[in-house]
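[1] Kindly return the folded structure for what I paste below:
(one chain, ligands or ions: 2)
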Amino acid sequence: MELPDDGPGTVSVRNLTKHFGSVHAVQDLSFDIRPGRVTGFLGPNGSGKTTTLRMLLGLATPTSGTATISGRSYADIPQPLREVGAALEATSFHPGRTGLDHLRTYAPYAGADDARCVGLLEQVGLGPAARRRVGGYSLGMRQRLALATTLLGDPQVLLLDEPSNGLDPEGIRWLRGFLRHLAALGKTVLVSSHMLSEVQQSVDDVVIIAAGRLVHASSMAELSALASTTTLVASPDAAGLKALVASRGWTAHSLGEPPDAPTTPTPSVELDGVTTAEVGAAAFAAGLELHTLMDKSEGLEDIFLRMIASDVDGAAR
Ligand SMILES: Nc1ncnc2c1ncn2[C@@H]1O[C@H](COP(=O)(O)OP(=O)(O)OP(=O)(O)O)[C@@H](O)[C@H]1O
Ligand SMILES: [Mg+2]
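    Ligands and ions are numbered 1, 2, ... in the order given. As a prediction, the model looks like this:
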């Protein structure tokens with residue numbers, strides 16, 4: 001992502017740093033979140049996601065750096081509920097109020113009328129529970145109510161901290177579709193998660209942090225392109241294997257090398273960008289005997305784990 005850009009609907013974080021005593025929660029973090037896209041804000045537990053969102057919402061003061069929405073800090077937005085909808089983790093509700101009354105409490109600040117409150121509860125699947133007390137809501141129902149609250153003022157920007165937490169599989173699928181719908185309307189949607197797999201089907205962009213630092217920011221497509229296809233193949237016929245690889249123009253590692261380990265007496269190679277099916281078919285056609293044919297591809301989750309692990313190892317914590 002190219003920097004800088006702080007136009008309407010853009011969320012911009014610049015050299016953002018937050019220390020809590022000796023805890024370096026966020027360190028020199030810079031990224032942009034753009035309108036019309038769903039962005040996954042990813043990082044392991046304690047990596048600084050919530051702290052970053054709190055600074056965006058003016059709930060925590062940065063040690064240094066800036067966090068702005070449409071070029072302004074949250075405190076400078078005249079009608080914040082109409083511009084930014086935010087649901088942070090551990091959102092608290094008055095347990096004695098009904099879901100509908102909860103929305104009615106915030107409605108005047110968001111310019112929402114009663115019909116909108118009722119409609120939003122329907123939209124998030126809480127229609128039948130609208131008049132039940134929130135104290136009796138399940139975790140997933142509270143998440144849905146928090147989402148309805150963020151939408152009251154029909155804001156341009158949505159900042160949702162782990163919104164799938166507590167949702168059942170149907171609820172997660174519904175949420176994905178709903179967030180995509182909001183992005184299609186041109187809204188800026190940020191959704192945090194500690195798992196790439198939870199959001200990979202529904203996000204356009206990813207911002208990955210570990211130990212408070214940025215480790216990767218790109219489109220989901222660019223991240224996916226980092227996933228590799230690698231096939232491990234072993235044959236007792238080293239010359240035949242070498243000839244097959246050469247005839248196909250495949251890129252091979254350790255081709256024909258005699259193995260060091262006595263437990264693997266068969267010459268083996270790793271082939272980049274070739275599937276097991278392709279190797280199997282080619283070996284069969286060439287009459288080459290294979291002793292190993294194994295998918296050694298690195299998937300998206302592997303890449304994510306490698307990214308966050310390498311940074312944690314390298315961080316001075
Ligand atoms: N008010 C605070 N006082 C002291 N330390 C804090 C405070 N808030 C956060 N931290 C610390 O800052 C670091 C980042 O925490 P943060 O809650 O931002 O992580 P997170 O990425 O949201 O994690 P999770 O996935 O568990 O929600 C942690 O080490 C946490 O203990
Ligand atoms: Mg958090």
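[2] tell me the pLDDT at the residue of the chain found nearest ligand 2?
    In the chain, the residue that lies nearest ligand 2 is Thr50 (3.2 Å; Cβ to the ion). In short, each C-beta sits where N, CA and C put it, glycine included. Looking at Thr50, its pLDDT is 95.
[3] any idea how far Gly58 is from it?
    14 Å (Cβ to Cβ, to the nearest Å).
[4] before we move on, what about Ala239?
    Taking Cβ to Cβ, one finds Ala239 at 69 Å from Gly58.
[5] With neighbour numbers in mind, choose between these two.
    Remark: of Ala239 and Gly58, Gly58 carries more neighbours, 15 against 10, as counted by other Cβ atoms under 10 Å.
[6] end to end, how far does stretch 270-277 reach?
    14 Å (Cα to Cα, to the nearest Å).
[7] quick one: low-confidence ranges for the protein?
    Counting by pLDDT under 70, the chain contains low-confidence residues at 1-6, 90-91, 254-265, 310-317.
[8] which residues of it fall in strands?
    Assigned by DSSP state E, the strands in the chain fall at 11-20, 23-33, 37-42, 64-69, 84-87, 157-160, 188-193, 205-210, 213-219, 230-234, 251-253, 268-272, 292-295.
[9] Next up, the contacts around the residue most central in space within the chain.
    Per Cα atoms, centre = their mean, the C-alpha nearest to the average position across the chain is that of Gly40, at 3.1 Å. Taking Cβ atoms under 8 Å, 6 or more residues apart in numbering, we find Gly40 in contact with Val191, Ser192, Ser193, Leu196, Val199, Gln200, Val203, Asp205, Val206, Val207, Met220.
[10] Can you give me every residue that contacts the fourth one?
    Put plainly, it is Leu196. Leu196 touches Gly40, Leu42, Val206, Ile208, Leu300, Glu301, Phe304, counting by Cβ under 8 Å, 6+ apart.
[11] Could you find the closest non-adjacent residue to it?
    Phe304 (4.1 Å; Cβ to Cβ, 6 or more residues apart in numbering).
[12] for the fifth one, same thing?
    In this structure, Val199 finds its nearest non-sequential neighbour in Gly40, 4.1 Å apart by Cβ to Cβ, 6+ apart.
[13] can you check the first one too?
    Of all residues not flanking Val191 in the chain, Leu160 sits nearest, at 4.8 Å (Cβ to Cβ, 6+ apart).
[14] I'd assumed Lys187 was in contact with the one you found.
    No. Leu160 is beyond contact range of Lys187, at 11.4 Å (criterion: Cβ atoms under 8 Å).
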